[in-house]
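Colleague: give the three-dimensional model of this entry:
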Amino acid sequence: MPTKAVEAPEVHGGVVHSGLYAGEACVIEPSVAPLGGAGAAAKFVDNGGTVLQVTQVFLIYWGNAWTANPNPSAAQITAACQNMMVSSYMTGLAQYRGIGRGFVRGSAVITSSNPPNSFTDSQVSNFIDGQITAGTIPGPDVDNQTLYCVIMPQGVSSSNANFIGEHTYYTRAGQRIHFAWITNNGNLGSITTILSHEVVESATDPEGSAWLGVAGTCNQGGWCEIGDVCSSTGVLNGVTVQSFWSNQAAACAVPAWPNYAYPRIGVQWTGTVAANSSARWFTFNWNEWELVVWRMLPTVPRPGAAELTWDVAIERASGNYLTYWITVTNLTPVPVTFEGRYCVLGRI
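Modeller: Okay, the predicted model is just below:
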């Protein structure tokens, strides 16, 4: 079957951490190409290391305090994180190697132990590892996109009092396990601000080897990442989030949905299918957060004869971008020319 394209700071395990210190929209329209074929210097550059294309956040609430009706509760924090992950917040990461929105994989309240005050990163990683071994939380997903986020009870602080949140990794059976911890001052907006910071930095630089600031970008120790030069916040889906650096905008940003009118319709391509045969096209760079419907419309009427059928398959080419593979079958004994029409119905 022919295929044609229609483009539409301490060291842990030898790695320096990224942390959040106390006190401190990318849209590409679909394009077309044949098969096979902002002015200012960027503050952050790609060093080629691991990124999380679709971050799977697993929230872990550590300690008996989470069963004592705290405010905010574990359920409230989980709901806020879910709302954040389906919002426009992470769509701005598309400029960083196509990273897209993630989702909340799950959550667990663990009461078999309590976090020590002045906890260390090793204590957090040992806690996570023990829970994976015990089966109280799931192991990493098959593509290793999981980010374990440990939410501390109110009043529990890190051994480094300058940090209120941090992300890094440890190694388990030869696999790097990505995790973060978040402190809790009893204010939901503060917790989600810290959490949002760690999620976008974990997506773009989970191991200190991917998107990092050029010399002079940051004045702190440790990994210099896209949340470290921003302190403003915004509210998306009712959730307070921290801005992060956009190379495209050359500014800190809380990405908002593009001001698109829906539905958007158009002809993506015109094709011809030989008699009694099938052909396949693909069209790429469609945003994953938009719902697209396809229709293959013959350009010449043939009353009394069904001319075409088609099916649509989806490839998630990156975190943010989809490729649609469309197979068109000609039911007639003559060639049929058609228009490949799309309708973008809205955001999902």
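
Colleague: average pLDDT for stretch 223-234, rounded please.
Modeller: Stretch 223-234 comes out with an average pLDDT of 97.

Colleague: brain fart, stretch 196-208
Modeller: For stretch 196-208, the mean confidence score works out to 98.

Colleague: same thing with stretch 143-158?
Modeller: 97.

Colleague: straight-line length of it, end to end?
Modeller: One end of stretch 143-158 sits 30 Å from the other (C-alpha to C-alpha, to the nearest Å).

Colleague: strands of the stretch 51-200 of the chain, start to end?
Modeller: 56-62, 103-110, 146-151, 163-172, 175-182 (DSSP state E, counting those that start in this stretch).

Colleague: neighbouring strands - and their directions - for the fourth one?
Modeller: As defined by DSSP bridges, the strand partners of strand 163-172 come to strand 18-21 (antiparallel), strand 175-182 (antiparallel).

Colleague: flag whichever of these has the least confidence on average.
Modeller: Among the strands paired with strand 163-172, strand 18-21 carries the lowest mean pLDDT, at a mean of 40.

Colleague: next secondary structure after it?
Modeller: Moving toward the C-terminus from strand 18-21, the next helix or strand (DSSP states H and E) is strand 44-46.

Colleague: point out where the stretch 1-150 of the chain drops to low pLDDT.
Modeller: 1-40 (pLDDT under 70).

Colleague: let me see the ranges of the strands in the stretch 201-348 of the chain.
Modeller: 211-213, 233-236, 239-242, 244-246, 251-253, 264-273, 278-287, 290-298, 308-316, 321-330, 336-347.

Colleague: most neighbours per residue, which of these?
Modeller: strand 244-246 (a mean of 26; mean count of other C-beta atoms under 10 Å). From N, CA and C alone the C-beta is placed, and that goes for glycine too.

Colleague: the helices in the stretch 51-200 of the chain, which residues?
Modeller: With helices called from DSSP state H, counting those that start in this stretch, the stretch 51-200 of the chain shows them at 74-85, 121-134, 188-204.

Colleague: and of the strands of the stretch 201-348 of the chain, who's closest to I182?
Modeller: strand 239-242 (12.2 Å; C-beta to C-beta).

Colleague: for the residue minimising distance to the centre of the chain, which non-adjacent residue is spatially closest?
Modeller: What sits nearest the mean C-alpha location of the chain, by C-alpha atoms, centre = their mean, is R101, with 3.1 Å. Nearest residue to R101 in three dimensions, chain neighbours excluded: M90, at 4.6 Å (C-beta to C-beta, 6 or more residues apart in numbering).

Colleague: what of V344?
Modeller: Per C-beta to C-beta, 6+ apart, closest to V344 is R264, 4.2 Å.

Colleague: can I assume that neighbour is in contact with R347?
Modeller: No: using C-beta atoms under 8 Å, R264 makes no contact with R347, being 11.5 Å away.

Colleague: confirm for me that the residue nearest to R101 is in contact with I99.
Modeller: Yes: with contact defined as C-beta under 8 Å, M90 counts as touching I99 (7.2 Å).

Colleague: show me what contacts A203?
Modeller: 51-52, 55, 90, 93, 96, 99, 102, 147, 319 (C-beta atoms under 8 Å, 6 or more residues apart in numbering).

Colleague: recalculate using a threshold of 10 Å.
Modeller: 51-55, 57, 90, 93, 96-97, 99-102, 145, 147, 167, 178, 210-211, 226, 244, 319 (C-beta atoms under 10 Å, 6 or more residues apart in numbering).

Colleague: with H178 instead?
Modeller: Contacts of H178 by C-beta under 10 Å, 6+ apart are 50, 52, 55-56, 140, 144-149, 167-170, 202-203, 206-207.

Colleague: any of those buried? List them.
Modeller: Among the contacts of H178, those scoring as buried are 52, 55-56, 140, 145-149, 167-170, 202-203, 206-207 (criterion: 16 or more other C-beta atoms under 10 Å).

Colleague: run the chain-centre distance for stretch 222-235.
Modeller: Here stretch 222-235 shows a centroid-to-chain-centroid distance of 17 Å under the convention C-alpha atoms, centre = their mean, to the nearest Å.

Colleague: what are the buried residues along that stretch?
Modeller: 222-230, 233-234.

Colleague: distance to G340 for these - can I get that in CSV?
Modeller: Below are the buried residues of stretch 222-235 laid out as CSV (distance: C-beta to C-beta, whole Å):
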residue, distance to G340
G222, 49
W223, 45
C224, 45
E225, 41
I226, 37
G227, 41
D228, 45
V229, 43
C230, 41
T233, 43
G234, 38
